[in-house]
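Participant: sequence and predicted structure below; questions after.
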Amino acid sequence: MSKIGLVGGLGPESTVEYYQSIIKGYQEKKGSNKVLPHLVINSINMYQVFAFIDENNTKGLTDYLAKAVNELKASGADVVAISANTPHIVFDEVTQQTTLPMVSIVEETVKAVRQDKLSKVGLIGTRFTMENDFFIKPFQDAGIDVIVPKAREQIIIHDKTVEELENGIVKEETKKTFLTIIERMESEDGIEGLILGCTEHPMLIKPADTAIPQFNTTAIHVSALVDRLD
């Protein structure tokens, strides 16, 4: 049986979601609730990841993540995924430090948006995800425009994500704030879909909350991983 390796802890809430969703997806794939996938998690420190990015320490971040990936290789993993969007800022660099195949949350999300034939989508996430082009450029290369919130809106989204959602705190007031921003992006920017570009955002924003299609990066990533399980 193939063995999936997850770099987790980025943050803990979404790591739990990955674990449970992979199990559910695998059981649905096999048509039985009496089977379980072979899975190993290497939980690292999301605050260390944020510190590397704040310091613009690309090498430190790459080495930190590559070490976690290669520890999973030592545990017998056949394929690895980093269970968060933000660390994908150095995804290409990490792949160069391991021989393990890695599944990119960004590449899989591009595939999902292309499948729906959308030309302009909104992106919310941590400020690292919204400010940098590691997430946006692959969409542009695929002919898809990516719109991010205004600068002041990005600050709100980032702060609420890190201070609340990353710690498992879900507030109705925060949800209303996010939806107000999303509705503005629909009316002013003409977005046709919305990328939940942080793996904690589905805790807050549900499919019924928006009139436009949502792209849950956690669910997309999990589906791609389950496809690789035999």
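Facilitator: Okay, I see it.
Participant: show me where pLDDT drops low in the protein?
Facilitator: Within the chain, not a single segment meets pLDDT under 70.
Participant: the strands in the chain, which residues?
Facilitator: 3-8, 38-43, 79-82, 120-124, 145-147, 193-196, 214-216 (DSSP state E).
Participant: between those strands, which one is closest to Asn56.
Facilitator: strand 79-82 (19.3 Å; Cβ to Cβ). C-beta: built from backbone N, CA, C; applies to glycine.
Participant: is it true that Val35 touches Glu28?
Facilitator: No - using Cβ atoms under 8 Å, Val35 makes no contact with Glu28, being 10.4 Å away.
Participant: enumerate every residue touching Asp159.
Facilitator: Applying Cβ atoms under 8 Å, 6 or more residues apart in numbering, we find Asp159 in contact with no residue.
Participant: and it, how far from Leu165?
Facilitator: Counting by Cβ to Cβ, to the nearest Å, the gap from Asp159 to Leu165 is 10 Å.
Participant: same question for Gly60.
Facilitator: When Gly60 is compared with Leu165 (using Cβ to Cβ), they lie 25 Å apart.
Participant: residue contacts, the nearest residue to Thr99 once chain neighbours are set aside?
Facilitator: Distances taken as Cβ to Cβ, 6 or more residues apart in numbering place Lys73 nearest to Thr99, at 7.4 Å, with adjacent residues excluded. With Cβ under 8 Å, 6+ apart as the criterion, the residues that contact Lys73 are Gly5, Val80, Thr98, Thr99, Leu100.
Participant: now for the last one, how many residues are close by?
Facilitator: The burial count assigned to Leu100 is 15, neighbours taken as other Cβ atoms under 10 Å.
Participant: just checking, Phe178 touches Ile205?
Facilitator: Yes - under the criterion of Cβ under 8 Å, Phe178 is in contact with Ile205, at a separation of 6.2 Å.
Participant: these two - which one has more neighbours?
Facilitator: More neighbours sit around Phe178 than around the other of Phe178 and Ile205, counting by other Cβ under 10 Å; the figures are 22 against 18.
Participant: need phi/psi at the residue nearest the centre of the chain.
Facilitator: With the centre of the chain defined as its mean C-alpha position, the nearest residue by Cα atoms, centre = their mean is Asn85, 3.5 Å away. With angles defined as degrees, to the nearest 10, Asn85 sits at phi -80, psi -50.
Participant: contacts only, for it.
Facilitator: Residues touching Asn85, when contacts are defined by Cβ under 8 Å, 6+ apart, comprise Ile105, Val106, Gly125, Thr126, Thr129, Phe135, Gly197, Cys198, Thr199, Thr217.
Participant: how does it look with 6 Å?
Facilitator: Counting by Cβ atoms under 6 Å, 6 or more residues apart in numbering, Asn85 makes contact with Ile105, Gly125, Thr129, Gly197, Cys198, Thr217.
Participant: so which of these sit within helices?
Facilitator: When DSSP state H defines the helices, the subset of the contacts of Asn85 inside them is Ile105, Thr129, Thr217.
Participant: could you chop this protein up by domain?
Facilitator: Per the record's domain assignment (automatic domain parsing), the chain is made up of the domains 3-104+219-227, 106-216.
Participant: which parts of the longest helix anywhere in the chain are buried?
Facilitator: Of all segments of type helix in the chain, defined using DSSP H, the longest is helix 12-30. By neighbour count, with 16 or more other Cβ atoms under 10 Å as the criterion, the buried positions of helix 12-30 are Glu13, Ser14, Thr15, Glu17, Tyr18, Tyr19, Ser21, Ile22, Ile23, Gly25, Tyr26, Gln27.
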